[in-house]
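# need a structure here:
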Amino acid sequence: MATRRRLSSVPKTPPKQDIVDYAREVIRAEAEALAQLPARLNGAFARAVEMVLACPGRVVVTGMGKPGFIAQKISATFASTGTPSLYLHPAEALHGDLGRLVPGDLVLALSNSGETDELLRLLPAIRRLGAPIVAMTSGTRNSLADRADVVLEIGPVPEACPLGLAPTASTVALLAIGDALAMAVQHRRGFSPEQFASLHPGGALGRQLLRVRDVMRTGSRNPTVRWDVSLRETAAVMTRTEGRPGAASVVDAQGKLIGIFTDGDLRRLVQRGEVDFARPVSAVMGKSPRTVGPDDLATSAAEMLRHSQVDQLPVVDDVGRPVGLLDVQDLLAARLLG
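Here you go, the predicted structure:
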């Protein structure tokens, strides 16, 4: 009987549609938390942007519990968009990790309530180090806000949790304000696509911004011959070149590109029975080859290779001199072709 009483006290699982409706209410609550944020941005936000731009050190982002996870994401966003940053765990900072903070750093502290004990205990030590403090919190009347130089308010945000306790809508609001701050700083800093790519060399975003100069073959890996060199010497140059790209750029007496000779050209000569290794390469080269510049996007060059169904593209400078060679194997290695 006791077992039956315990089981009968367990609430019945709501129908699936009720659960979906409830989930929609959670999302609406979080959307409402975001919708009221633009009106809360004011001169304090502008001051925070200027403080970050003037910071000679790093933006040290800190928070406890769920806001701590949001702090880690905000710190990562700053770091990936040109603002040096790190995350500092408040409790660990109280036990030695405060040494991560150095003169010139700025502290961005997150707490919805503004009463997080570990964070408040850390603030006097931060002050002694001379670091300015920007608070992200619910309002201007709490312990964290009282100790901060600038306060970024998210407002009183009702949580989407059925108990009204678990950080949900408030953490979404903290994240949005953090993203807004990082993006405003990036905008004011004039952070370029090239700078973004330099910080994302291994990802798809970085690959999209690679330039031809980042993947082309140069120097001794860029086979180049004069127009009057024999076919025999041209083949020897291609064979000796490191990586054997299977092509050689052909230049005139002034060093300007006038053609290209490839392994494919040599195979076609063999098939037609027209191989004469004593002939000058200019007599059998491909004339007016497609070219790219070193500052062109590598993705655009990859598309040119794909559509033209060729394996190499000479890379020329502003006056038409071959300064590199783009080979399909290098684009495959850079995962620009699949």
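
# Give me the neighbour count for the spatially closest residue to Leu199 that is not a sequence neighbour.
Closest residue in space to Leu199, ignoring its immediate chain neighbours: Ser80 at 5.6 Å, by C-beta to C-beta, 6 or more residues apart in numbering. Where you see a C-beta, it was placed from the backbone N, CA and C, and this is true even at glycine. A count of nearby residues for Ser80, using other C-beta atoms under 10 Å, gives 17.

# what's the answer for the one 3 residues further on, then?
With neighbours defined by other C-beta under 10 Å, the count for Thr83 comes to 21.

# Would you confirm that it contacts Val61?
No. Because the distance of 10.6 Å does not satisfy C-beta atoms under 8 Å, Thr83 is recorded as not touching Val61.

# State the pLDDT value of the nearest residue to Arg217 once chain neighbours are set aside.
On the basis of C-beta to C-beta, 6+ apart, the spatially nearest residue to Arg217 that is not a chain neighbour turns out to be Leu325, at 4.7 Å. At Leu325, the model reports a pLDDT of 95.

# can I assume Leu325 sits in a helix?
No. Secondary structure of Leu325 (DSSP: H, G, I helix; E, B strand; the rest coil): strand, not part of a helix.

# thinking it is in contact with Pro223, fair?
Yes. The pair Leu325 and Pro223 qualifies as a contact (C-beta under 8 Å) at a distance of 7.1 Å.

# which residues sit in contact with Asp97?
Asp97 sits next to 88-89 when contact means C-beta atoms under 8 Å, 6 or more residues apart in numbering.

# hang on, the earlier thing: who's the residue nearest to Arg217 bridged to?
Arg217, Pro314 (DSSP bridges).

# From Asp311, how far out is it?
The span separating Leu325 from Asp311 equals 10 Å under the rule C-beta to C-beta, to the nearest Å.

# Check which residues of stretch 41-54 are buried.
Going by neighbour count (16 or more other C-beta atoms under 10 Å), the buried part of stretch 41-54 is 41, 44-45, 48-49, 51-52.

# same check, this time on stretch 65-83
Along stretch 65-83, these residues count as buried under the neighbour rule (16+ other C-beta under 10 Å): 66-75, 77-83.

# Can you show me the strands along the stretch 151-300 of the chain?
According to DSSP state E, counting those that start in this stretch, the stretch 151-300 of the chain carries its strands in the segments 224-226, 247-251, 257-262, 286-287.

# Could you export the ones you listed to TSV, including columns for mean pLDDT, distance to Cys161 and mean neighbour count?
Conversion of these to TSV gives the following (pLDDT from 0 to 100; distance: least, C-beta to C-beta, whole Å; neighbours: other C-beta atoms under 10 Å):
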stretch	mean pLDDT	distance to Cys161	mean neighbour count
strand 224-226	96	68	19
strand 247-251	95	64	26
strand 257-262	96	66	22
strand 286-287	92	68	12
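
# Including distance to Asp295, could the ones you listed go into CSV?
Listed next are the strands of the stretch 151-300 of the chain as CSV, based on distance: least, C-beta to C-beta, whole Å:
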stretch, distance to Asp295
strand 224-226, 20
strand 247-251, 18
strand 257-262, 17
strand 286-287, 24
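
# and of those, who's closest to Glu118?
Ranking the strands of the stretch 151-300 of the chain by distance to Glu118, with C-beta to C-beta as the measure, places strand 247-251 first at 63.0 Å.

# now what about that closest one, what contacts it?
Looking at strand 247-251 with C-beta under 8 Å, 6+ apart, the contacting residues turn out to be 222-227, 234, 237-238, 241, 257-263, 281-282, 285, 311-312, 314, 321-322, 325, 327.

# mind saving the C-alpha coords of it as CSV?
In CSV, the C-alpha atoms belonging to strand 247-251 read as follows (Å, rounded to 0.1, in the frame of the first residue of the first chain):
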residue,chain,number,x,y,z
ALA,A,247,53.7,22.6,-64.9
ALA,A,248,56.1,25.4,-65.7
SER,A,249,55.4,29.1,-66.3
VAL,A,250,56.9,30.4,-69.5
VAL,A,251,58.2,34.0,-69.6
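
# Run me through the strand neighbours of that strand, direction for each.
Sheet pairing for strand 247-251, assigned by DSSP bridges, gives strand 224-226 (parallel), strand 257-262 (antiparallel).

# Same list (these) but as a markdown table, adding distance to Val102.
Written out in a markdown table, the entries for the strands paired with strand 247-251 read as follows (distance: least, C-beta to C-beta, whole Å):
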| stretch | distance to Val102 |
| --- | --- |
| strand 224-226 | 50 |
| strand 257-262 | 52 |
